[in-house]
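Participant: okay, sequence plus prediction incoming.
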Amino acid sequence: MTTPDKDTPLIFVVEDEADIARLIAGTLAEYGFRSETFGTGRALLSRARREQPELAILDLGLPDMDGLQVLRELQENHPCAALILTGRDGLTDRVLGLELGADDYLVKPFEPRELVARVRSILRRYQKAPASEPAGHSAVRFAGWHFDIGRLSLTHEDGREVSLSAAEAALLQTLLKRPNKILTREQLIGERELDPFDRSIDVRISRLRRKLEDDPQDPKIIKTVYGAGYLLCASVEWLG
């Protein structure tokens, strides 16, 4: 077993079934991850006020509140990557979870090695340094918007301000790294092979458009190139 150090990403796990919580924590520790487990959503949110995790693994059927509400409050107040791990396999929960900012959705019963693979995949998306972003720059200007990367916030030149979830911010940074170039769904999510039925990127693009575009149904900034991927149509200026 690998011993996690203080520089290892911190993962919060909310799971009210003790046996499953121990299985998740043990699996994460076996593969070198730091984790803390919580039996209720409120306990996780209270802890997040003191230290923000890199990733939260969320059950939906909690004793004190719905896991989707935990996800909503995390993304509003303590944005981080999120993986839903639940016995609820309905399409409505899956789509709503992605709409609220989840990066992935895994249904119980689960294979521990698959959980670790998905955790690693999510963390890679956030830990990759943008290739064309100048070192030390923490903001970017494009299409009338100012994107503060540290605050996960967008401010328009007309004064409008909107916040982004961690997943939305990561996707926007990927688009901004390669403006005016078509990026496939695989490139945007950071996977070589993507399930053809995985619509998580499409959902996140839709969320970004609702925040960036004057008319999300007729987008001018993030365009769809049918059969190929997505294209960010804007000049990009990285700022200090």
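Facilitator: In hand now; what should we look at?
Participant: return the set of buried residues in the least confident helix or strand in the chain by mean pLDDT.
Facilitator: Across the helices and strands of the chain, mean pLDDT, DSSP states H and E gives its lowest value to helix 185-189, namely a mean of 81. In terms of neighbour count (16 or more other Cβ atoms under 10 Å), helix 185-189 has its buried residues at 185, 187, 188, 189. Using the backbone N, CA and C atoms, a C-beta is placed for each residue, glycine as well.
Participant: which ones are touching the residue nearest to the spatial centre of the chain?
Facilitator: Taking Cα atoms, centre = their mean, the centroid of the chain lies closest to residue 167, which sits 2.7 Å from it. Residues near residue 167 by Cβ atoms under 8 Å, 6 or more residues apart in numbering: 81, 82, 101, 102, 103, 204.
Participant: one more: residue 146?
Facilitator: So residue 146 contacts 139, 140, 154, 155, 156, 157, 239 (Cβ under 8 Å, 6+ apart).
Participant: quick one: which of the buried residues of helix 185-189 is nearest residue 144?
Facilitator: The shortest approach to residue 144 among the buried residues of helix 185-189 belongs to residue 188, at 22.6 Å (Cβ to Cβ).
Participant: related to what we said a few turns ago, mind listing which of the contacts of residue 167 are in strands?
Facilitator: 81, 82 (DSSP state E).
Participant: by contact count, what packs against the helix or strand hosting residue 92?
Facilitator: Applying DSSP states H and E as the criterion places residue 92 in helix 91-99. Helix 91-99 sits against helix 67-77, strand 81-86, strand 104-107, helix 200-212, with contacts defined as 3 or more Cβ pairs under 8 Å, 6 or more residues apart in numbering; DSSP states H and E.
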